[in-house]
Structures are given as C-alpha cells and as structure tokens.
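K.L.:
predicted structure and sequence below. I'll ask about it afterward.
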Amino acid sequence: MKRFIPFVKSDPTVAVIRLQGQIANSNRGLDDPSLGPVIDRAFSRGKPAAVALEINSPGGSPVQSSLIAARIRRLAEEKEIPVYAFVEDVAASGGYWLACAADEIFVDRGSIVGSIGVISAGFGAHDLIERYGVERRVHTAGKSKSLLDPFQPQKPADVKRLKGWLEELHDFFISHVKSRRGDKLADNPDLFTGEVWIGQKSVEVGLADAVGHLVPVMQERFGKKVRFRRYGPRRALIQRFGSTLVNDAVAAVDERAAYARFGL
C-alpha cells in the first residue's frame, strides 16, 4: 500500500524480461513480433529503476536478434533506464547479440558466451534421388532462382556467393559488438572467430563485465527492498490447447540441436 500514500517513496522496481530459446521468426516467443509488446510494457509500466534481461539462448536469426536488441536500446535511451543482462546456460551467437543490448553483462561461472560468427547449414540429396531413379525438374525465370538447391550438385559460384553473404552478416555482428563493448574488449585474435568462453574467461576477454546473479546484483545496486516484476510473451489461447503441436515439436527438435552445439 505504500506506493499509494502521497509523498512516501516506493521501493525501486526492476523489470525482468526473459529471453529463452532459439531466436527465429516463428511467432512462438523469441522474435520481435512476439517480444515487442513485452519489451514495451517492461519499459513503460511505472518507472522501473532498471530492466534486467535473463538470457538463455544459443542464437538464431540475425535479423530478429538485431530487431530485438535495437528495440531494447531505443527504449533504454528514450526513457533513460539502465539495462543489465544476466546470462544463464548460454548467450551465444544471436544470444550474445541480445546480451550486448545491455549496459552491463553478468554471467554464471558456467555460462557459455560468445560464438561471434555466422553459420549456414543445409543438406545435399542429389545422389539419393538419382539412386532411386527420381528426376528433379526445376524451371526458373532468373538464373539465381535455384541458388543452393539441395537436390542439385553444389555449384562453386553458389558457394562463393553464400560465403559473401555470411561475411557481410559477420561484419555486421562484429560492428554491433564493438559499438556496445568498446574498450572493454581484449585484443584477442580469437574474439570474432566463433570461439566461445566460459564464465570468468568471458569476463577476462571483455565479453562480460562480471560473474553475478540477478537478485544479489540488483539488491546491491538498488537496495534489499528492490522488487522484481517479470515479463514474458503470452501464448494465444488456441496454442495452449495444442493446435500447433506438430510445429512446436519440430521447433523443439531444432532448438535442441542448437543447444547441443554447446554441449547443453
């Protein structure tokens, strides 16, 4: 009731946004369309002393990572609210992109951090369909429309073009990290190679600021009486009753594979 009494100062509140899972334009959680309203509410409801990001993500879409991080930074600057990131199991690739939206990054001693790189993975099945006598028929208008078709032999020109795209995205990722971390980054040749660091090692190379957990760090900054208000995406009613069961199962397998890259 204290906050309703005139001239009595309320206890500070920290808005906590959970960023969990693979980043993908799927409308299932970790994308800008789903998270946009959540982030807006976290920064706008009352006057939070800070916004804390709980991050546990192996990465995913560079565009969605960029959109989410840009939204966080825009609101933080407009409302002059500090942002802190707290990494759990992993903040790798796009997950680390999100962490860089914070003013300070905290990790657990076992957190996996980094993987500043870009990956494209697929499959080739042209030998398989030939073995079973299947003829692949593709008709296009435009010579690049069948680029990287998995049912055709890989073409050196296609691979060269793909690598150019990946290098461009990698440069974008690197510039984002450098703009956010600045002089904190160590002069380490492995920093932008896709390498990862664990806990305290990530602090030593400048990818994180300290080892620390959300509640004690926020209590140290804002006092023992600090309150936490949690925000997360809400699933539509139809989703809760299983109408997207198959899609969710496929997404879960894909996400499990993404975490498995880091031994999780």
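P.N.:
Done, it's in.
K.L.:
how about the strands in the chain?
P.N.:
Listed in chain order, the strands of the chain (DSSP state E) span 13-20, 50-57, 83-92, 104-107, 112-114, 196-198, 210-211, 227-231.
K.L.:
name the strands paired with the last one and say parallel or antiparallel.
P.N.:
This means strand 227-231. Strand 227-231 sits in its sheet next to strand 13-20 (parallel), going by DSSP bridges.
K.L.:
what is the mean pLDDT for the strand it pairs with?
P.N.:
Averaging pLDDT along strand 13-20 gives 97.
K.L.:
got it, and stretch 224-237?
P.N.:
The average pLDDT within stretch 224-237 is 82.
K.L.:
what's the pLDDT at the closest residue to residue 75 other than its chain neighbours?
P.N.:
Nearest residue to residue 75, sequence neighbours excluded (C-beta to C-beta, 6 or more residues apart in numbering): residue 43, at 4.2 Å. (Each C-beta comes from the backbone N, C-alpha and C, glycine too.) Looking at residue 43, its pLDDT is 97.
K.L.:
show me the shaky parts of the protein.
P.N.:
Low-confidence segments of the chain, defined by pLDDT under 70: 1-9, 28, 120-133, 135, 137, 139, 142-153, 158-159, 234-264.
K.L.:
how about stretch 65-77: buried residues?
P.N.:
65-69, 71-73, 75-76 (16 or more other C-beta atoms under 10 Å).
K.L.:
contacts for that stretch, please.
P.N.:
Stretch 65-77 is contacted from outside by 19, 23, 30-32, 35-36, 39-40, 43-44, 51, 53, 59, 81-83, 94, 97-98, 100-103, 172, 176, using C-beta atoms under 8 Å, 6 or more residues apart in numbering.
K.L.:
surely the residue nearest to residue 75 is in contact with residue 13?
P.N.:
No - look at residue 43 against residue 13 with C-beta atoms under 8 Å: they stay out of range, at 11.9 Å.
K.L.:
and these two? which has more neighbours close in?
P.N.:
Higher neighbour count among residue 43 and residue 13: residue 43, with 22 against 18, using other C-beta atoms under 10 Å.
K.L.:
wait, what's in contact with that one?
P.N.:
Going by C-beta under 8 Å, 6+ apart, residue 43 touches 15, 51, 75-76, 79, 81.
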